[in-house]
Every structure is written in structure tokens, then in C-alpha cells.
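1. What would the 3D arrangement of this be:
(2 chains)
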Amino acid sequence: MLLRLGWRNLWRNRRRTLINLASAGLGLALVVFYGGLLGGIVADAKQELDDAALGHVEIAAKGWHARRLLATSLQNPDELLKKLPLPADAEVSARVVVRALASSAHGAQGVLLHGVDPAAERKVAAYLRDVRQGRELDPADDRGVVVGDGLAERLSLSVGSKLRLTAQQADGEVGADVFRVRGIFHSIAPAIGKGHVIMTQSAARKLAGLPAVVHQVVVQLADANQADAVAAAVVQAAGAGVEAPTWGELLPILKSMDGLIGLIQWLIGVFVNVVVGLGILNTMLMSVLERTHELGVLQALGTRPRGVVALIAAESFWIATLAVALGLGLALPLVAWGEQHVLLDFSQAMGEGMEIGGTSLRMAFHTRLSIGGALQSAALVYAMTLAAGLWPAWRVSRLPPATALRSV
Amino acid sequence: MAVVQVSQVVKEYHDRGSAPVVALRGVDLTVEAGEFMALAGPSGSGKTTLLNLIGALDSPSQGQVRIDGRDLAGLSPVQLADLRRDRIGFVFQSYNLVPVLTAAENAEYVLQLRGVPKAERRKIVAEVFAALGIGELMDARPPQMSGGQQQRVAVARAIVAAPAVVLADEPTANLDQASGRALIERMHQLNHERGITFVFSTHDPMVLEQAERVVHLVDGKIASDVRKGGA
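-> Modelled structure (predicted):
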């Protein structure tokens, strides 16, 4: 009868109840939606490292990440890769990395050469999937290169243009050769568009005078959160001469941002719930105080003090249940839809991408649904609503029944 | 057997910043089982205060109140609530039915507090409603009923758990004369048929006429205690 009585009491003042429900429900919807949006931004930044040619784990010879010397390389990369315990669904690409000077008849520009297996590289580098002029790189084409649109513009390159590349070789000699532009890609990261040249591994090795080595093995994982475990397993399997920093070590700002956004999300949740909770406390207080006489009658009939508290708690329970249904009903479909579709697109106003912490963030945002986070927020609504009802109920339950009955 | 024993009871009310108001000044009263008695007196004489003390709704400043021989002093709020639930029925001046419950649910509430199973509750409530001539009101909500009907439902709620004593505070004050008379006659009938003890506070002459014992309170003291029929 307690829940039935609580339910019916809820509708004694329909307008007040609806306002309560709307504030708590919309507050919850806001928290869940905001959490989904922030979660989406962080997840995109962590997961979509291929916009920045980065990996969740990057395997290299020890010391390479600090100085990026041509001579600091991984020997026998094919054999090494075979013995590394990488997840079956990981995307892996090995690169020969060479600093070079690119020149055409119209100018010169310092660039970073990536000697790659084109089929593997296009899976970890988003820009190689966005070749807007010409074609993608052929794995057998040691005379061809693919360049970014920024570099093409700077050096007035088009498909078929000649590009001269000059690099200092490992033995100190200078290597130079002329290549033909096969394709021009687009990257949301301006630095990549202006400064990256893609060629085959064999062409890069020949230009830099290198044997069959690579400098960097980029590993992208299905779940960025596995990075620490994978990196530890790689180092253990590969031995002391290999380092395997994770995205958190390569991009410490992004890692900090991840934690900071979690904190911001929590603070917003608390703030919204406190504001909503004060509103509910106010209305529950009014609702209880204006029924003090009636609660005195129930006490006179033999209801124990905790029975009075339980009755008000039943009302709070219903408010919380309806508010959670409303809030999750509004927010979850929107957040779920935003996982598959662009929910907010600021690319017109702010440009395609923004460099944050060494990676590139697209300005078209998705959301990330976190059922656990939504349930946590819902639990907070329950806790807050019950707490808001319990205090006035406790106060009234402590009144002597005769005093409560004298209340008008 | 004494259902209610009040000994040397004093009740003072203290309001902040003003002198204490003495509502009862050393009252002694014993109510035997099966009595149909009225507490009479002008407004402010202490009728309702005495009824509240007998009903374990308030505690005396001095003196002792016993229900069924049990001293109320020192009982916890939970024990007092259990005592009210098990031994005392209340009828209030303004009915005080819970407006969101039906008439039957209002009466059932008391039985539910005592842990009576649902089917038995329905049976007992139906029987009491029939005895009070309000069987057709079982599913009506208080706002749909007249004052007289609501007060009969309140009486049903008060007696449904077979209490030791029913305390009625000005039960006819908000009723027209015919409804008030019908209600008192029905309560008197219950007193005779079921042996239920009734204590009224009233200044309604019709109630005083029906009462078998009238205790007059003046200025917080018992001025007279008259049993009709020479008892």
C-alpha cells in the first residue's frame, strides 16, 4: 500500500509533480548527453589516431623516439613482427622514416619520408584513404610518391609532376633521386598535408642507403585501452633492444585531457544534480509540510515514525523512477544515434580539424554511449531524489502526533 | 476493568517568549471498559488536550496516563505508535480521511499496519461498513462523500481493528443535526452490541444526551463527573 499511496500522493499536485519530473528528467538527460558527447570526443581523439599517422603502440629500436636517428632501426622486421604477441584485430604498418628535402621547379620544403607497404599503411593513416587527385601508391612502384595537398600547393605539384628528394644517408653521404607524383592526398592535419611524402619501403631505403630495416612499427588497436597491456607484452617478447611507447606516453597531453575530461564530466554531473536536487528538495519540503496534519493523522492511526519516512521515500522513489525513465528515454536514443552519425558539426566554422596534444581532432563530433555512465547518473538521480525527500520526512516524523495534528 | 487511568495529570504548553499555558491542572479520570462517555466543557477547558494524552498523541507535563494498565511514560515513539495501532481508535472533528485512498482503503490501512492479510482485511472492512450502513461507499473517495458519510467511514476506520477505546474529538461538530444524531446513535449501538468503549470530547447537547457518563472540564479541572441511570 505504501507504494500505491506514494504514487497517488504524487498526483495530488499534478503541476508541481510534472515540474519536478521535468527538471530531474531533463537534468539527467543533459548529464547523459553531455557525458556521451565528451566521451565521444575523447574516444575519437584516442581511437582515431590514424588522422595523425600515430599508433596506440609504436614499436621501434630503443632510443629511436627520442632522437629519430636513421641508424636507430629495427633489424629483420618481418621476423620480429612474427614473434610479437599482437592482437589479431590490430592494424600494423612498418615504416622507414627519413628526413629529406623535397624540391621542384617552384621551391623546396623539408619533409618526412614514410617508406611503407601501401596496403598496410592505408589502414593506419586516414589520409592515404583520401587521395583526391591521381591514385594511391602502387606497392611495386619505386619511382612514384604520394604527397599531401599542402605540399603540392607549396611546390606547385600536380599528378605526374617530378619531385626531387634529397636525404642524408646513414653513412653521411647524400642520396638524391627524382620521383613522379602519382597522387595527392588530403589530411585534416595541416602539418601532414604540408610535410609528408609517402613512398615504398624499398624506395626509401635506397634513397637513404639503408639495408632491410624499418624505423617504426605502428600498431592501432580496436580498443585504445588495451595499449598498456599490448606494449608490455611486446617489450617482453622483443627483448631489451626494443621500445614500445603507448599513445599515453607519446601524447601525454591527450592522456591528461582524457583524465581531465572525466573530471569535468563528473563535476558537471554533480553540479546539475545538485541544482536539480535543490529544486526537488524545495518542492518535497513544501509537499511534506503542507501535509503535516495528514501525516499526523497517519501517526495517530499507528504509523511508526519510520513508516512516515517510508511513505515520503515512496513518493521520492516514484519521482526518481519517472525522472530516470524520462531522462534516459530522451538521452539514450540521441547518444546512440550520435555514435553512428555526426551529431554536431563545427567544421564549417572552425575548420576540419584541430590539433590537440599532438593528434588531430575532427570538428564533426560523434557521441559515445556508456551504459555504465548512464546508469551511474541514474543512480545519482535516485540518491539525490531520495535524499531530498528524506530530510523533510525525517523532520515531520519526529514531531509529536498532537503537534502534527495541530498543523493546518 | 479500567481501560484508561489518568492520575494527577498536568499539561503545560510552552511558547517561546510567552508565559506557559496550563491546559490541565491535576486531572484524575478512570474509564472502564464498555463505557460511552463524554468529556464536556467550554472551548479551552482542556477536552482535546486530555483526549490527546489518553490517545498517546502527546505526553503530560506531570502525572501518569495508563492504557490497559500500561504506563505511557517512558514508551518510545515506536512503542507509542504500536499502542495506538493496537489499542486506540480515533475519530476526528474534520474526519481526516486520506483523500487519495478509497473509503475501504482508509479503513484497511489500520489493519495493514497490524499485518492482517489482504483477503481478511477486505472481509473485516466489508463487515464493519455493512454494520455502519455504508457498504455502498467502499470504493468512494473522500471528496465524493458527504460530511456524514465521511465521518461514518472515519468511525469504521476507528473500530475496524477492535481497539480497547475509541476517542472521538468533537465528532459531530461539522455535521448537520440529523447526520450527527444518526452517527451518535450508530456509535451507541456499536457500544451496546460490541462493547466498544467510546470517549468523546464535545459540547454538542445531542451527544451529551446520548452519553451514559459526562465529565465536565472547566479551566483544566474536572468540575463534575455524572453517570446516568444512577450509576
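
2. Tell me which residues are up against stretch A:69-84.
-> Applying C-beta atoms under 8 Å, 6 or more residues apart in numbering or on different chains, the contact partners of stretch A:69-84 are A:59-64, A:92, A:94, A:98, A:168-170, A:208, A:210, A:212-215, A:217, A:233-234, A:237-238, A:242. Yep, even glycine has a C-beta here, placed from its N, CA and C like the rest.

3. would you put the C-alpha positions of that stretch in CSV?
-> Once non-C-alpha atoms are left out, stretch A:69-84 reads as follows in CSV (Å, rounded to 0.1, in the frame of the first residue of the first chain):
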residue,chain,number,x,y,z
LEU,A,69,68.2,8.8,-36.0
LEU,A,70,68.4,7.0,-39.3
ALA,A,71,70.8,4.4,-37.8
THR,A,72,68.5,3.5,-34.9
SER,A,73,66.4,0.9,-36.7
LEU,A,74,64.7,-2.4,-36.2
GLN,A,75,66.7,-5.2,-37.9
ASN,A,76,64.8,-8.1,-39.6
PRO,A,77,61.4,-6.5,-39.1
ASP,A,78,59.4,-9.4,-40.7
GLU,A,79,60.9,-11.9,-38.2
LEU,A,80,60.4,-9.5,-35.3
LEU,A,81,56.7,-9.0,-36.2
LYS,A,82,56.1,-12.7,-36.4
LYS,A,83,57.1,-13.2,-32.8
LEU,A,84,55.3,-10.2,-31.3
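
4. That stretch - what's its average pLDDT?
-> Mean per-residue pLDDT for stretch A:69-84: 88.

5. which ones are touching residue A:322?
-> Shown in contact with residue A:322 (C-beta under 8 Å, 6+ apart): A:21, A:25.

6. how far away is it from residue B:20?
-> As judged by C-beta to C-beta, to the nearest Å, residue A:322 and residue B:20 stand 48 Å apart.

7. now residue B:11, what's its secondary structure?
-> With DSSP: H, G, I helix; E, B strand; the rest coil as the basis, residue B:11 sits in strand.

8. so what pLDDT did it get?
-> pLDDT, residue B:11: 95.

9. What's the local residue count around it?
-> 22 (other C-beta atoms under 10 Å in any protein chain shown).

10. quick one: contacts for it?
-> Neighbour list for residue B:11: B:22-24, B:46, B:49, B:53, B:58, B:60-61, B:220 [criterion: C-beta under 8 Å, 6+ apart].

11. where in chain A is pLDDT low?
-> Applying pLDDT under 70 to chain A picks out residues A:45-51, A:352-362.

12. Is the residue of chain B found nearest chain A within a helix or a strand, and which one?
-> Per C-beta to the nearest C-beta, residue B:85 is where chain B lies closest to chain A, at 2.4 Å. Assigned by DSSP states H and E, residue B:85 belongs to helix B:77-87.

13. mind checking how far that helix is from the chain centre?
-> Chain-centre distance of helix B:77-87: 15 Å, with C-alpha atoms, centre = their mean, to the nearest Å.

14. and what of stretch A:132-141?
-> Remark: stretch A:132-141 is offset 31 Å from the chain centroid, using C-alpha atoms, centre = their mean.

15. Only the buried residues of it, if you could.
-> Neighbour-count burial for stretch A:132-141, with 16 or more other C-beta atoms under 10 Å in any protein chain shown as criterion, is recorded at A:133-134, A:136-137, A:141.

16. Show me the two of those residues that sit farthest apart.
-> Farthest apart among the buried residues of stretch A:132-141 by C-beta to C-beta are A:133 and A:141. That separation is 16.3 Å.

17. List the strands paired with the helix or strand just after the helix holding residue B:85, with their directions.
-> Where DSSP H and E defines the elements, the next helix or strand beyond helix B:77-87 is strand B:88-91. Using DSSP bridges, strand B:88-91 pairs in its sheet with strand B:165-169 (parallel).

18. which residues are contacting the partner strand?
-> With C-beta under 8 Å, 6+ apart, strand B:165-169 has contacts from B:3-4, B:31, B:47-48, B:51, B:54-55, B:67, B:87-93, B:155, B:158-159, B:187, B:196-202.

19. which residues sit against the helix or strand just after it?
-> Counting by DSSP H and E, the element after strand B:165-169 in chain order, helix or strand, is helix B:177-194. Applying C-beta under 8 Å, 6+ apart, the external contacts of helix B:177-194 come out as B:34, B:36, B:131-133, B:146-148, B:151-152, B:155, B:159, B:162, B:166, B:168, B:171-172, B:175, B:196-198, B:204, B:206-207, B:210.

20. Now do helix B:177-194 and strand B:165-169, the angle between them.
-> Relative orientation of helix B:177-194 and strand B:165-169, computed by axes from the mean of the first three to the mean of the last three C-alpha atoms, to 10 degrees: 170 degrees.
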